[in-house]
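> Structure of the sequence below:
(2 chains)
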Amino acid sequence: MGKLILKDQVAGQTAVSRRAFLQGTGLLLGFALTGASTESVFAAPASQVIENEVTGTFAPNGFIRINPTGAVTLIIPMIEMGQGVYTSLSMLLAEELEVELDQIQVQHAPPNHALYANSIIGIQNTGGSASVRAFWTPLRQAGAVGRNLLIAAAAKLWSVDPATCRARDGVVFHASGSKHLSYGELAEAAAKLPVPPAANVKLKDPKDFTLIGTRAKRVDSPIKVDGRALYGIDTRLPGMMVAAVAISPVLGGKVKTVDEKAALAVKGVRQMVNIDEAVAVVADHMGAAKKGLETAAITWDDGPNGKVSNADIVKQLEEESKKPGAVARNVGDAGKALAQAAQRLEAVYQVPFLAHAAMEPMNCTVHLQKDRCDIWVGTQAPTITQSQVAELTALPKDAIKIHNHLIGGGFGRRLEPDGTILAVKIAKHVDGPVKVIWSREEDIQHDMYRPYYLDRLSAGLDVAGKPVAWTHRIAGSSVMARYYPPYFKDGLDPDAVEAAAEPPYALPNIHVDFVRVEPPGVRTSWWRGVGPTHNVFVVESFIDELAHAAKQDPVAFRKGLLDHNPRALAVLSLAAEKAGWELPLPERHGRGISVQFAYGSYTSQVAEVEVAADGSVKVKRIVCAIDCGMYVNPDTIEAQVQGGTLFGLTAALHGSITFKDGRVEQSNFDTYLPMRIDEVPVVETHLITNAEAPGGVGEAPTAIVSAAVTNAIFAATGKRVRSLPIDTSSLKS
Amino acid sequence: MAFTLKINGTPHEVDVDGDIALLWVLRDVLGMTGTKFGCGQALCGACTVHLDGQPVRSCQTPVDSVGNSAITTIEAIGRTPQGAALQKAWLELEVVQCGYCQSGQIMSAAALLKETPKPTDDDIDAAMSGNVCRCGTYHRIRAAIKHAAGV
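Alright, predicted model coming up:
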């Protein structure tokens, strides 16, 4: 089943930490969204990241550990949640370190901003389709530094010129053919050599890559097909108890009454914890904890948000979006051009709140002691989590031990530490380790949702049908303002306008602004695809409206606006060609196209749909062309295109979280519908190969798919879908 | 109440209320964490195990309903020819992403292949539509089932 072992991630091995954690530096303040130096991962002291490090371990930087037994460990800065980073980041290191992929063991990095921050995001977060982009260079540099030092150590032992030695598959060979030493045998000697600056090291020419660019097998698959893989929810510790939790159904509400006696009477229940915002029943096992919680008959005082409703939230957005917002882009004079246009269009688009609904429900295991707090959780944001737990417990940061885990689906949900914070609040009342598990209902009803956005657009066409004016106002919650306050400047949220401020098209007079409207009683956050997921739907739909108004084919119309943008034009042309854009279709069938530049990648999709007489929509085929520059693993890209497309399509067809009386109306997979296997369209991936800088992939197909589908619905029915999820009742023939 | 459960060929004594779901007995009482909790309402299939070869949702299976039935979990499905073929196919076709639902997917697929060794697409839809994957690995799940079945 494969040789590779993910340390601490496999059932049967101890899950208790053998890591020590350096005090994290810098948190939220003082980082940059782009342009952070990659050199910092080499500048900070790399020693002592692992507790009980074997003597003689070669540790030239934060990423590599080679001990005298020959074990090669990648201290991996990003978390695996299905997107394939354990494999892709291991491939980057292995390429230059000259080890085979299955020689590498992966171990989660502790929270350490200096060593492990993602240079694109500016913090040690996994997200933004930024893992390969950020570590493309640092991990190859790390590998090359390591390889050179191991070669130097061998050359010194043999008293030969290092230039006469080469490394392959974890062994250094001398050109004579008579001498070779394994990396394990060289570790101790290499550890004594001075480490050269990473920036000075010569990296392979991409044409010489032997691993990068190949369909290497995922390193985490073998433990995921036989139940061995350990996620946070699988944590088991001596003396650990399990807690079921009920959180106030209304944000800001408090427990009014609770029948503790009844809960404690349930066999296996040990304790009830009431922290006002939530009640936890602590038991020997989750079955007893759940039963105790049901028996507790909790009633709630709803507090100030007890009347929150979707209707009121939308009404507020409609009103606020009439006022000018913070300007994201202003080129030319859109107002004047609009007034002079031969033809004018206006539209309002809306997208709903969305839950993440990852398969692994929210959970966190905490052991709070006098002088330390151990946390077992799968988190996309270890430094933020550590910092917030330190604040909550009044312990120093280095006393907060984050034991990170594989995540059973993140999609942005685990960028938020709220599940850990709640678990620590409960753990304050529990003697010994406690695992807090949310029910699926709690998970869906206490998510931090993709914001509801309402967009107002207008555009003008000249007599030839060319766009001469474009205005786009986006109104909704700002996740950035709460999560990364330094990047919310003068009322502008750069995420909320991403892919709207700079559409790929030639639009000579353009004005894009943002109105921040925070809905009461609703927590919003990052959702796979972030800003572009909403904006690409809106922009690509409205461009389609313009094409129709100009009486032009949607592909031809877009091509006419992409002369200046060859990579966008290339993906558009490829998707259209592979989809057979020109081929005829039966009645009430249609094709739709969308184009996107986001996360550093160019993507285009063509959707083919059939709309039945009753309005039901069958998506038959999605053809995706993607140019993500230089890439690590094409099979992972195909998997992300398949899965990412389905994630976005699920939302377009079914996804909506609504509020009534302050409560979320959906609760489980019967009311917040996932896509199932019988609903899945064909998804084809066409990958462009070039030498451009690597782009992100995980979120691109999610963001682009809804517009392709709704544009196809327009082609099939003549009906324009301007709000999601798709209302099939409006599509009846 | 004390129960003796036959799990993967080995008897296990547990002392829990009879209405406790088999899922929690497996995971929390016996420490067999390969079977996953996803929804608690038999809506997602993550907790699928076999009772006498039949797929059941362990989150909705009270422990007192199990009786003498033989329980098979993901930890032992590889000992069956269908399970072994599916695990191999899962690896060859790189089905897995986050992996959390895959225990349940493989358990449902193994039951399908035992009943229907050469499934059609419709057979696969019928047998697998109770298993949710939020990563969207469905294309590869379908392909891997066919690969394992040699169709």
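> And whatever helix or strand residue A:712 lives in, how far out from the chain middle?
Secondary structure assignment for residue A:712, by DSSP states H and E: helix A:700-717. Its chain's C-alpha centre and that of helix A:700-717 lie 22 Å apart, by CA atoms, centre = their mean, to the nearest Å.
> And for stretch A:587-607?
21 Å.
> buried residues in that stretch?
Neighbour-count burial for stretch A:587-607 flags A:588-607 (criterion: 16 or more other CB atoms under 10 Å in any protein chain shown). No exception for glycine: its C-beta is placed from N, CA and C like everyone else's.
> Kindly identify which of the residues you listed also come near chain B.
Here nothing survives when these are matched to chain B using CB under 8 Å from any CB of the partner chain.
> follow-up on the earlier one: does the helix holding residue A:712 come close to chain B?
No - with CB under 8 Å from any CB as the criterion, chain B is not reached by helix A:700-717; the gap is at least 9.4 Å.
> Now the residue in the stretch 201-350 of chain A that chain B sits nearest to: closest residue in space, sequence neighbours ignored.
For the stretch 201-350 of chain A and chain B, the shortest gap (CB to the nearest CB) falls at residue A:227, measuring 1.9 Å. Among residues not flanking residue A:227 along the chain, residue B:34 sits closest, at 1.9 Å (CB to CB, 6 or more residues apart in numbering or on different chains).
> doesn't residue A:226 make contact with that neighbour?
Yes - here residue B:34 reaches residue A:226: they are 7.1 Å apart, a contact under CB atoms under 8 Å.
> so what sits against both of these two?
B:74-75 (CB atoms under 8 Å, 6 or more residues apart in numbering or on different chains).
> And those two? Which one has more around it.
residue B:34 (27 against 22; other CB atoms under 10 Å in any protein chain shown).
> for the more buried one, what are its contacts?
Residue B:34 touches A:11, A:226-228, B:73-75, B:103, counting by CB under 8 Å, 6+ apart.
> Which helix or which strand is home to it?
Assigned by DSSP H and E, residue B:34 falls outside every helix and strand.
> Check residue B:4 too.
Going by DSSP H and E, residue B:4 is part of strand B:2-7.
> and if you look at residue A:136?
Going by DSSP H and E, residue A:136 is part of helix A:131-158.
> and the next helix or strand after that helix, which strands flank it?
Per DSSP H and E, the first helix or strand lying C-terminal to helix A:131-158 is strand A:165-168. Partners of strand A:165-168 in the sheet, by DSSP bridges, are strand A:171-174 (antiparallel).
> what does the partner strand contact?
A:150-151, A:153-154, A:158, A:160, A:164-167, A:179-183, A:186.
> helix or strand right after it?
Next element after strand A:171-174 (DSSP H and E): strand A:180-182.
> Name the residues of that next one that are buried.
Using 16+ other CB under 10 Å as the test for burial, strand A:180-182 gives A:181-182.
> With stretch A:300-312 instead?
Quick answer for stretch A:300-312 (16+ other CB under 10 Å): A:300, A:302, A:305-306, A:308-310.
> And stretch A:565-579, what's buried?
For stretch A:565-579, using 16+ other CB under 10 Å, the buried residues are A:565, A:567-576, A:578-579.
> Could you list the domains of the chain?
The chain I'm using is chain A. A:40-224, A:232-303+A:362-437, A:310-353+A:449-731 (automatic domain parsing).
> oops, I was thinking of chain B
Taken from automatic domain parsing, chain B resolves into B:2-72, B:78-149.
> phi, psi of residue A:111?
phi -60, psi 120 (degrees, to the nearest 10).
> Distance check, it against residue A:442.
The gap separating residue A:111 from residue A:442 is 26 Å, by CB to CB, to the nearest Å.
> Out of those two, name the residue with the larger neighbour count.
It is residue A:111, of residue A:111 and residue A:442, that has more neighbours when counted by other CB under 10 Å, with 27 against 22.
> Next one: that one, what pLDDT does it get?
Listed pLDDT for residue A:111 reads 96.
> Can you pull the phi/psi pair for the most centrally placed residue in chain B?
Taking CA atoms, centre = their mean, the centroid of chain B lies closest to residue B:107, which sits 3.0 Å from it. Dihedral pair for residue B:107: phi -60, psi -40, per degrees, to the nearest 10.
> if I look at it, how far off is residue B:92?
In terms of CB to CB, residue B:107 sits 19 Å off from residue B:92.
> go on, residue A:498?
Counting by CB to CB - residue A:498 and residue B:92 are separated by 38 Å.
> Among those two, which residue is more densely surrounded?
Counting neighbours by other CB under 10 Å for residue A:498 and for residue B:92 shows that residue A:498 has the greater number, 21 against 14.
> which SSE is the more buried one in?
Here residue A:498 is covered by no helix or strand, with elements defined by DSSP H and E.
> Mind pulling up the pLDDT for it?
For residue A:498, pLDDT reads 97.
> Let me see the contact set for it.
A:530-532, A:535, A:598.
> what does residue B:138 give?
Per CB under 8 Å, 6+ apart, neighbours of residue B:138: A:646, A:675-677, A:680.
> out of those residues, which touch chain B?
Okay, of the contacts of residue B:138 touching chain B (CB under 8 Å from any CB), that's A:646, A:675-677, A:680.
> most surrounded residue in those residues?
Busiest of those [other CB under 10 Å] is residue A:646, holding 28 neighbours.
> where does that one land in three-state SS?
Under DSSP: H, G, I helix; E, B strand; the rest coil, residue A:646 falls in the helix class.
> what sits against residue B:124?
Taking CB under 8 Å, 6+ apart, one finds A:677, B:112, B:142, B:145-146 in contact with residue B:124.
> buried stuff in the helix or strand hosting it?
Mapping residue B:124 onto the secondary structure by DSSP H and E places it in helix B:121-128. Using 16+ other CB under 10 Å as the test for burial, helix B:121-128 gives B:123-125, B:127-128.
> near chain B, which residues of the stretch 601-733 of chain A?
A:635, A:639, A:642-647, A:650, A:668-670, A:674-678, A:680, A:683.
> Show me what the mean pLDDT comes to for stretch B:18-26.
Mean predicted lDDT for stretch B:18-26 stands at 98.
> Show me the contact partners of that stretch.
A:268, A:285-288, A:290-291, B:1, B:3, B:5, B:7, B:14, B:16, B:32, B:35, B:37, B:40, B:47, B:49, B:58-64, B:66, B:71, B:73.
> again, only this time at 6 Å
Stretch B:18-26 has contacts (CB atoms under 6 Å, 6 or more residues apart in numbering or on different chains) with A:285-287, B:1, B:14, B:32, B:35, B:47, B:58-59, B:61-64.
> Who are the contact partners of residue A:455?
Per CB under 6 Å, 6+ apart, neighbours of residue A:455: A:349, A:474, A:538.
> So what's the gap between the helix or strand where it lies and the chain middle?
Assigned by DSSP H and E, residue A:455 belongs to strand A:453-461. Here the centre of strand A:453-461 is set off from its chain's centre by 28 Å, with CA atoms, centre = their mean.
> now do stretch A:100-109
The chain centre lies 22 Å from the centre of stretch A:100-109; the measure is CA atoms, centre = their mean.
> and that stretch, how far apart are its ends?
21 Å (CA to CA, to the nearest Å).
> near chain B, anything from that stretch?
No - Stretch A:100-109 stays clear of chain B (CB under 6 Å from any CB of the partner chain), getting no nearer than 12.9 Å.
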